[in-house]
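In: Okay, predicted coordinates and the sequence, questions at the end:
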Amino acid sequence: MNLAKISSNGQITVPAEIRRLLGLKSGDKILFLQKQNGEIVIRNASSQAIYKAQAAFSGVAEEMGIYNEDDVQTLVNEIRYEKDK
């Protein structure tokens, strides 16, 4: 079990073990989701966005050779730098 204290500003420090498990780094955002049973789940917002994008592109992602976060970043970079030309 990991315990965190809420500051007077409503801030918390995510315990190191939880940051490791979620793959969080300084500056990352976290997502709080409430399940139907009232349970609150914390997720890495960056990872969650990637999972949603992959689900939206189900089948299409594989056809385009997108299998992981690095592949997505490569595609984003290609599109970004083409617009600058």
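Out: Received the coordinates, thanks.

In: Could you use CA atoms for every contact and neighbour count after this?
Out: OK.

In: what about the helices in the protein?
Out: Counting by DSSP state H, the chain has helices at residues 16-22, 45-56, 60-63, 69-83.

In: looking at the ones you listed, which has the lowest confidence?
Out: Lowest mean pLDDT of those: helix 45-56, a mean of 72.

In: returning to what we had before: reformat the helices of the chain into a markdown table and put mean neighbour count and distance to Ser7 next to each item.
Out: Shown next, in a markdown table, are the helices of the chain (neighbours: other Cα atoms under 10 Å; distance: least, Cα to Cα, whole Å):
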| stretch | mean neighbour count | distance to Ser7 |
| --- | --- | --- |
| helix 16-22 | 12 | 17 |
| helix 45-56 | 14 | 22 |
| helix 60-63 | 13 | 42 |
| helix 69-83 | 12 | 34 |
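
In: so which of those helices gets nearest Gly38?
Out: Smallest distance to Gly38 across those (Cα to Cα): 19.8 Å, for helix 45-56.

In: Can you give the distance from stretch 43-60 to the centre of its chain?
Out: 8 Å (Cα atoms, centre = their mean, to the nearest Å).

In: Contacts for it next, please.
Out: With contact meaning Cα atoms under 8 Å, 6 or more residues apart in numbering, stretch 43-60 is reached by Leu22, Gly23, Leu24, Asp28, Lys29, Ile30, Leu31, Phe32, Leu33, Ala61, Glu69.

In: Which of the residues you listed ranks first by neighbour count?
Out: In terms of neighbour count, Leu24 stands highest of those at 19 neighbours, by other Cα atoms under 10 Å.

In: tell me the contacts of that one?
Out: Leu24 neighbours (Cα under 8 Å, 6+ apart): Asn44.

In: Check the burial of Ser58 by counting its neighbours.
Out: Ser58 has 11 nearby residues by other Cα under 10 Å.

In: quick one on the thing from earlier: let me have the helices of the chain in a markdown table, adding distance to Asn2 as columns.
Out: Putting these into a markdown table (distance: least, Cα to Cα, whole Å) gives the following:
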| stretch | distance to Asn2 |
| --- | --- |
| helix 16-22 | 8 |
| helix 45-56 | 20 |
| helix 60-63 | 37 |
| helix 69-83 | 28 |
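
In: Many thanks, I have nothing further to ask.
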